[in-house]
Structures are given as C-alpha cells and as structure tokens.
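Undergrad: Based on what follows, work out the 3D shape:
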Amino acid sequence: MSKVKIVCVTPVKNEEWILDRFLSCTSLWADHIIIADQNSNDNTPEICKKYQKVIYFQNLIENYDEEARQKLLLNKAREIPGPKLIFALDADEFITSNSLQTNEWNELKNLSPGTSLHLKWINVYPGFKKYWSPNFNLPFAFIDDGTVHSGNKIHSARIPINEKLLKYSNDIKVLHFQYTDWERMKSKHRWYLCYEKINIKNKPIGNYRIYSHMYRIKKSDKKMFNPDWIDYYENNGINMKTVNVDQTYWWDKEVLNYLDKHGNEYFKNEKIWGIDWVATGKKINRISESYKDPRGIILKLVHFWLENTKKYENRYINKIDTLFAGLINKFS
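TA: Got it, this is the predicted structure:
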C-alpha cells in the first residue's frame, strides 16, 4: 500500500506579511504545500520559490470566489500520485506545534478515505497572551477519496464533507493569526462589507454585527495562550510573534476600487466610513475628492450607534437596530 502523503493547500493574495512564517512552519510537517496565488502584487512569488516543498501556481480567476479556488487547489493536489491527507489552511493559520508529537497526529493517515478532520480554531489576540475559540470544531482536512467539492463563493467549507465520516480532534488545533494585526483585520472586514453589498445584498446593520463579532467575546471566554503551541516552531528558528504592520492594507485598495466602480453613494449605508478614504487614496497616489464621506446626519447617527454598541448584544439593542434599519430604508 502506498504511503499516505500530507498535502497542504492554501489560497493566497498579498500574504507577504505572514507567508514566510507559514511556509517555514508548514514545511516541518507537510510533504507538499500547494499555493494558489490570485494576482498578488507583493513578494509572494519570490517567497514561495525559497521552499522546496511548495508547488506554486497562478489562480487566474479575477473575482473573489472561494468555491472556485478550492476546486483549483484540490485538483492540483490530486495530480500528486497516491493516497493523500489534505489540509486546507489559509496563510495565517498554523497547526499547533505540540500536535505534531501526539499519537493522534500519527494516526491521521490511518483514517478511512473520505473522513474529514474537524479541529479547534484558536483565534490569537495581539501580543500572543490570550485567545478565544468558537465552541465548535471546523473542518480543516480530509483523507482524499476523490469526492467533487461543492461550496459557496464566500464563507465556504474548504473541503468535501461526508457527514457519516467525521473525526473530531482534541489534541490537534489550528492557530489563527488574523487578529494579531488588528488593523489589518478591520481593513479586511471593511472589504467584506463592500463585497456583500455588491454580491449578496445583505442588510447593512445585520452585516456589520456579523463582522464585529470579535468585540463581543466574553471575558470568561478569553483564555491564556499556550506557549507549547508554538515552541517547536520557535526552536526551529522561526519567528512566530513579530507582526510586520503595513499601514496601507491591500484590502483598502480594493475598497477604493469598489468606490471607483460603483461610487461612494452606493456604499453610504455600510459602516466603512470610520477612516478617511481621501487620505488613504493619497497614500497610494489615487487623489480623488469622490472618496469623501457621503453620509447625512441620519446615517452618521446610525453608525455612531453601531460603533458604540459593538461590544454588546441583547434584545434592547436588537430592537433599536430594527428601528434604525427602518430609518435607513426610509431615507436611502
């Protein structure tokens, strides 16, 4: 019987801020790392060339489409002969290093074909002292059985899931570094709000509440970060804690593209106006007065309410949200 190979599949776009770290860590446990690069304009291609295990290719799809990129990655992984355990990780996600010495890790290759591996997701706070985690595991890997993947354009399951073949792990976890650069996270969420306005037509207040969930983590749910989760990586000379902050995030450039294409009035209901878009444009030599805040007093009041209640959730807030949603519909 052929040896089961561990393959990590990862979509990227402008992940220079963390890609070196990701590839260094993942190279310690994966046999192959497949990178689908969707039009990065940073040093992503050069970084990938440094790693022997990386199989790099261009994702030429112009639009954001998670299902399409997941299919590209799985098809590329299936070009590797033999049985495979496929991990689907983003560039800001890391297998906890103490997982790699557990019996559970060593037994993964013996799972039945089609089995999906569901792991605890550890959201790391800035400073690497605390984290929070959802109270459910997420599907991050599976023993490939050739099943055709079916997903969604956004917030899609990354792998095929057979509900009869599920494995929940206690020892193996995934560290999520998105929140270690808080400003970058906020930039990404502003882009999400615009994307969903264009493609999904979700209600702006409810949408903002979804993308501000990280502010509503209860104090009791904020746990102490376990140094064992990164010790093995650090002992191999990998810098795990430095965050290289870029004050002009590529997500903001994408929002400016949306403003150019659709106009700022189109996005006036979305809570993206907490930054000065005119000043942001000037930083990248895109000087335009059309990026000015288009909101009137009613919308500014609604967004003031959202900003100052983002840490709370109760039925009274929900009632006022409903009232403000009516105002938005009336005056938009």
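Undergrad: what about the helices in this protein?
TA: Assignment of helices within the chain using DSSP state H yields the ranges 16-26, 44-49, 66-77, 103-107, 182-199, 204-211, 228-235, 250-262, 277-283, 297-308, 315-331.
Undergrad: any idea how this structure splits into domains?
TA: Using automatic domain parsing, the domain parsing of the chain gives 5-179, 181-211+247-331.
Undergrad: For those domains, which has the smallest mean pLDDT value?
TA: Here the domains of the chain differ in mean pLDDT, and the lowest is domain 181-211+247-331 at a mean of 92.
Undergrad: how far away is Gly281 from Asn264?
TA: Gly281 sits 11 Å away from Asn264, taking CB to CB, to the nearest Å as the criterion. Every residue, glycine included, has its C-beta placed from N, CA and C.
Undergrad: what do those two both touch?
TA: When contacts are counted by CB atoms under 8 Å, 6 or more residues apart in numbering, Gly281 and Asn264 are jointly contacted by Tyr291.
Undergrad: remind me, longest strand of the protein?
TA: With secondary structure taken from DSSP state E, the chain has its longest strand at strand 166-176.
Undergrad: Columns mean neighbour count and distance to Ile217 on top of the domains of the chain, output as a markdown table?
TA: Below are the domains of the chain laid out as a markdown table (neighbours: other CB atoms under 10 Å; distance: least, CB to CB, whole Å):
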| stretch | mean neighbour count | distance to Ile217 |
| --- | --- | --- |
| domain 5-179 | 18 | 5 |
| domain 181-211+247-331 | 16 | 9 |
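Undergrad: Which one of those lies nearest to Phe225?
TA: Across those, the minimum distance to Phe225, taken as CB to CB, is reached by domain 5-179, at 5.3 Å.
Undergrad: ok now that closest one, how far from the chain's centre?
TA: When C-alpha coordinates are averaged (CA atoms, centre = their mean, to the nearest Å), domain 5-179 and its chain have centres 11 Å apart.
Undergrad: ends of it, how far apart?
TA: One end of domain 5-179 sits 31 Å from the other (CA to CA, to the nearest Å).
Undergrad: these two touch, right, Asn269 and Lys330?
TA: No: applying CB atoms under 8 Å as the test, Asn269 and Lys330 come out as separate, 12.0 Å apart.
Undergrad: Out of the domains of the chain, which gets nearest to Asn239?
TA: Ranking these by proximity to Asn239 (CB to CB) places domain 5-179 first, at 6.8 Å.
Undergrad: one step back: would you mind getting the angle between the longest strand of the chain and helix 228-235?
TA: Compare the direction of strand 166-176 with that of helix 228-235 by axes from the mean of the first three to the mean of the last three CA atoms, to 10 degrees and you get 60 degrees.
Undergrad: ok, and what's touching strand 166-176?
TA: Strand 166-176 is touched from outside by 89, 92-96, 99, 102, 104-105, 108, 111, 115-124, 137-138, 140, 229-230, with contacts defined as CB under 8 Å, 6+ apart.
Undergrad: Please list all residues in contact with the residue lying closest to Phe140 once chain neighbours are set aside.
TA: With sequence-adjacent residues excluded and distances taken as CB to CB, 6 or more residues apart in numbering, Phe140 is closest to Leu119, at 4.9 Å. Contacts for Leu119 (CB under 8 Å, 6+ apart) come out as 137-138, 140-141, 169, 172-174.
Undergrad: and if we set it to 7 Å?
TA: Contacts for Leu119 (CB atoms under 7 Å, 6 or more residues apart in numbering) come out as 137-138, 140, 169, 172-174.
Undergrad: Same list, the residues you listed, but as a markdown table with distance to Lys319 please.
TA: Formatted as a markdown table, the contacts of Leu119 follow (distance: CB to CB, whole Å):
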| residue | distance to Lys319 |
| --- | --- |
| Asn137 | 34 |
| Leu138 | 32 |
| Phe140 | 38 |
| Ser169 | 41 |
| Ile172 | 42 |
| Lys173 | 38 |
| Val174 | 37 |
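Undergrad: List just the nearest of those to Trp182.
TA: Nearest to Trp182 among the contacts of Leu119, with distances taken as CB to CB, is Val174, at 19.6 Å.
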